[in-house]
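Asker: sequence and predicted structure below; questions after.
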Amino acid sequence: MTSKDSKSVRRTGSGTLRTASHTFALAWRADPAVVRVIIVLSLAQAGAVAATGVSQRWVVDATQNSGGRPLGALALAVLIGVAAHVTAAAGNRTRYNYQHDLTDRVDLEVNREILTATASIPTLEHLERPGYLNRLELLRRHTSALAGSCWALTDTGIAVMGAGLSLWLLIGVHPALAALALLALPSLWAVKFAERSLARARNTTAEDQRLENRIHRMVLAPESGKEIYLAGAGSVLDETAHVARTRVVTAVVKARLRATGWQLSGWVIYAAGFIAALILTVSLVAQGRASLGDLMLVITLGTQLRFQIHATTSGFSRIAEAGHATGHYLWLSAHARRRRSTGTCQIPSMLKRGIQMRDVSFTYPGSPVPVLSGVNLTLRPGSTVAVVGVNGAGKTTLVKLLSGMYAPTAGRVDIDGVPLGELDIEAWRRGLTGAFQDFVRFQLPVRHTVGIGEPDAMDSQEEVARAVREAGAEAIIARLPEGLDTQLGPVYGGTELSQGQWQRLALARALMRRRPRLLVLDEPTAALDPLAEHELYEAFMRQAKAAPGQITLLVSHRFSTVRGADHIVVLDGGRVTEEGTHTQLMAAGGRYAELYLTQAAAYEEEGDRGGGHAGSDAR
Ligand SMILES: Nc1ncnc2c1ncn2[C@@H]1O[C@H](COP(=O)(O)OP(=O)(O)OP(=O)(O)O)[C@@H](O)[C@H]1O
């Protein structure tokens with residue numbers, strides 16, 4: 001083991017202790033009375049096996065010399081034996097049930113902590129890093145081990161105490177019987193090797209586990225199910241998931257087989273030692289140096305020592321599993337702490353200087369090619385800014401940087417002169433709202449599907465009705481059986497909407513937030529017909545003019561919509577190639593003018609053919 005390895009083992013060891021004390025605190029908070037009961041039962045459990053052995057020795061010896069021992073002592077020995085047996089059997093079951101229940105409750109809390117830590121990271125870029133996602137997957141799969149880490153430690157402590165007591169009694173019969181403990185060591189080592197090999201197998205197949213989960217979710221989700229059905233891609237995806245699963249299972253089964261081999265050889269060594277211990281005790285009895293009661297004690301404790309050592313080793317393996325999950329848990333907590341926004345500057349209630357992008361460049365994690373390069377832009381308060389460009393030009397990426405979902409790789413984004421990183425990011429988020437092309441279908445009652453756009457007002461009938469009205473979605477609600485209370489989506493037996501209707505509700509959701517500093521509309525009307533889109537944008541631009549501190553950022557491929565914006569930015573290959581008003585850009589006769597005229601000609605042609613559908617765009 002290198003010094004680096006041993007350092008990391010030490011770190012995980014102390015990390016397991018730290019996590020165990022944290023989960024113990026969570027269990028205590030959940031139910032202190034139950035924790036007390038578990039501790040008492042655990043301590044009783046530690047002495048139960050030794051007490052059973054001693055009482056059996058007394059009973060046998062008392063029966064042998066019934067004249068020498070009073071009947072009362074025999075009765076006491078029997079009583080102790082019965083009490084120890086009941087404690088071992090019933091107490092163990094009760095303790096196990098209580099521990100199980102508390103572990104489930106702590107598991108819930110731990111999962112909540114994981115979500116909170118993930119959500120506290122201000123940007124979203126970590127959600128696209130395979131390394132991060134793999135560790136998160138491993139952590140999520142082992143949260144119950146983490147939640148039970150305090151019981152893994154106490155159970156192991158109790159098993160060690162119990163085994164210690166048994167050994168002490170065995171040594172009392174003959175010191176050589178202490179060798180039984182030494183002979184149990186190989187099985188302890190075997191557990192350690194087995195755990196390591198299992199952890200390695202899990203780590204190396206984390207990506208396959210994630211792939212299989214994702215494919216299953218995709219196949220079962222109605223949104224992706226449609227395309228998979230039409231393409232007949234179910235069997236191909238099924239095969240991919242199957243291959244990934246097979247790789248996981250093969251690696252884990254191989255590791256388990258190796259583990260079983262190690263453990264079996266450990267137990268064979270112990271069994272040989274136990275037989276030798278029995279032969280030794282029988283010879284001691286024959287020589288009169290030990291009583292039949294001692295032989296009984298060796299049989300009972302020798303058999304039980306095997307279980308106690310098994311409990312110790314499985315306790316160690318639970319600690320190792322918890323340690324494995326602890327490593328990921330501590331990493332996530334540290335990562336979230338490091339990435340947590342430290343900005344404290346407050347955002348003015350109304351932007352005065354607006355948003356400036358200064359020499360901004362951006363490359364997605366893991367990608368060698370920059371998506372945005374040297375972008376300089378000013379978005380003035382009270383204006384509507386439209387961003388146009390062909391597919392892949394970097395429009396959505398620009399929106400992600402402006403809203404703080406991603407941090408620029410170079411350059412900076414200033415809000416009223418303050419770098420985004422120095423702002424109280426939560427406050428900045430509360431000042432944002434937006435609707436996107438890939439909107440979410442929240443399958444909830446309509447009032448919450450819309451209201452969730454402003455959690456503080458989601459139960460306000462008035463606010464939800466206003467947002468619905470402004471998004472032009474009143475006609476959709478009027479047709480629903482229970483109006484705003486209608487459950488949406490087939491997953492919960494609710495009403496299904498068309499793509500365009502869902503999109504209208506997504507727009508209404510974006511409009512729930514009153515007086516945002518930045519309203520982002522990133523092709524949120526792609527599923528609407530062109531006339532409806534045009535009317536909506538006209539309405540948005542009118543509203544934007546009436547809100548002096550607000551910036552409305554509009555991404556669209558439809559130039560008839562874009563021309564009404566105060567400022568138009570043309571992106572090409574991640575660079576700003578033109579900017580200005582529609583009139584200025586047309587006069588310049590550049591790329592914008594070319595795209596605009598091409599699209600206008602297409603509209604006219606279609607109109608001449610009697611289609612009257614101005615829906616083509618500049619893609
Ligand atoms: N999460 C991501 N990881 C890596 N590359 C990405 C990611 N998202 C987008 N890209 C790449 O960034 C480039 C710009 O994408 P972006 O979505 O910003 O373009 P866009 O102009 O909005 O395109 P569209 O008009 O098709 O919506 C594309 O080449 C795309 O492949």
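Answerer: Looks like it came in fine.

Asker: where along the stretch 351-500 of the chain do the strands fall?
Answerer: 355-362, 372-379, 384-388, 410-415, 418-419, 432-436 (DSSP state E, counting those that start in this stretch).

Asker: helices or strands next to the longest helix belonging to the chain in the packing?
Answerer: The longest helix of the chain (DSSP state H) is helix 234-286. With contacts taken as 3 or more CB pairs under 8 Å, 6 or more residues apart in numbering; DSSP states H and E, helix 234-286 sits against helix 149-173, helix 179-204, helix 206-220, helix 292-339. Glycine gets a C-beta too; all of them are placed from N, C-alpha and C.

Asker: just to revisit the earlier point, how about the strands of the stretch 351-500 of the chain in CSV, adding mean neighbour count and mean pLDDT?
Answerer: Below are those laid out as CSV (neighbours: other CB atoms under 10 Å; pLDDT from 0 to 100):
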stretch, mean neighbour count, mean pLDDT
strand 355-362, 19, 94
strand 372-379, 19, 93
strand 384-388, 26, 92
strand 410-415, 18, 92
strand 418-419, 16, 88
strand 432-436, 21, 86
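
Asker: redo the ones you listed as a markdown table? Include distance to the ligand.
Answerer: As requested, the strands of the stretch 351-500 of the chain are exported to a markdown table (distance: least, CB to the nearest ligand atom, whole Å):
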| stretch | distance to the ligand |
| --- | --- |
| strand 355-362 | 9 |
| strand 372-379 | 8 |
| strand 384-388 | 8 |
| strand 410-415 | 16 |
| strand 418-419 | 22 |
| strand 432-436 | 10 |
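
Asker: check the closest residue to Pro130 other than its chain neighbours and give its pLDDT.
Answerer: Nearest-residue entry for Pro130: Glu207, 6.7 Å, with adjacent residues in sequence omitted and distances by CB to CB, 6 or more residues apart in numbering. The model reports Glu207 with a pLDDT of 87.

Asker: again, but for Asp31
Answerer: Asp31 is given a pLDDT of 90.

Asker: repeat for Leu554
Answerer: pLDDT, Leu554: 90.

Asker: just the buried residues of stretch 590-599, please?
Answerer: 591-592, 595-596, 599 (16 or more other CB atoms under 10 Å).

Asker: I misspoke; the intended subject was stretch 291-306.
Answerer: Neighbour-count burial for stretch 291-306 [16+ other CB under 10 Å]: 291, 293-302, 304-306.

Asker: one step back: nearest to Arg140, of the helices and strands packed on helix 234-286?
Answerer: helix 292-339 (9.1 Å; CB to CB).

Asker: for that closest one, name the packing helices and strands.
Answerer: Helix 292-339 packs on helix 3-30, helix 32-64, helix 92-120, helix 130-141, helix 143-147, helix 149-173, helix 179-204, helix 234-286, going by 3+ CB pairs under 8 Å, 6+ apart.

Asker: in the stretch 51-200 of the chain, which residue sits closest to the ligand?
Answerer: Glu128 (5.0 Å; CB to the nearest ligand atom).

Asker: and the gap between the closest residue to that residue other than its chain neighbours and the ligand?
Answerer: Among residues not flanking Glu128 along the chain, Pro365 sits closest, at 5.9 Å (CB to CB, 6+ apart). Noted for Pro365: a distance of 7 Å to the ligand, by CB to the nearest ligand atom, to the nearest Å.

Asker: correct me, but Pro365 touches Glu125?
Answerer: Yes - with contacts counted by CB atoms under 8 Å, Pro365 reaches Glu125, the gap being 5.5 Å.

Asker: sorry, back to before: okay if I get the strands of the stretch 351-500 of the chain as CSV plus distance to Asp485?
Answerer: Formatted as CSV, these follow (distance: least, CB to CB, whole Å):
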stretch, distance to Asp485
strand 355-362, 39
strand 372-379, 39
strand 384-388, 35
strand 410-415, 39
strand 418-419, 43
strand 432-436, 23
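
Asker: quick one: low-confidence ranges for the stretch 351-500 of the chain?
Answerer: Within the stretch 351-500 of the chain, the set of residues satisfying pLDDT under 70 is empty.

Asker: the ligand contacts on that one?
Answerer: 364, 367, 371, 389, 391-397 (CB under 6 Å from any ligand atom).

Asker: can you check the chain too?
Answerer: So the chain meets the ligand at 128, 364, 367, 371, 389, 391-397 (CB under 6 Å from any ligand atom).

Asker: any of these buried? List them.
Answerer: 364, 371, 389, 393-397.

Asker: what is the neighbour count of the residue nearest to Arg380 when sequence neighbours are not counted?
Answerer: Leaving out its chain neighbours, the residue that sits closest to Arg380 by CB to CB, 6+ apart is Gly354, at 4.6 Å. A count of nearby residues for Gly354, using other CB atoms under 10 Å, gives 21.

Asker: touching, Gly354 and Val385? I think so.
Answerer: No - with contact defined as CB under 8 Å, Gly354 does not reach Val385; the gap is 9.5 Å.

Asker: and for the two, which residues touch both?
Answerer: 379, 551 (CB atoms under 8 Å, 6 or more residues apart in numbering).

Asker: picking that back up, among the helices and strands packed on helix 292-339, which is the most enclosed?
Answerer: helix 143-147 (a mean of 23; mean count of other CB atoms under 10 Å).

Asker: just the helices in the stretch 501-619 of the chain please.
Answerer: Applying DSSP state H, counting those that start in this stretch to the stretch 501-619 of the chain gives helices spanning 530-546, 559-562, 582-588, 591-608.

Asker: still on that earlier bit, more neighbours: which of Pro365 and Glu125?
Answerer: Glu125 (18 against 14).

Asker: dump the residue contacts of that one.
Answerer: Contact analysis of Glu125 by CB under 8 Å, 6+ apart lists 364-365, 405-407.

Asker: any low-confidence regions in this protein?
Answerer: In the chain (pLDDT under 70), the answer is 1-15, 65-70, 222-223, 226, 527, 603-619.
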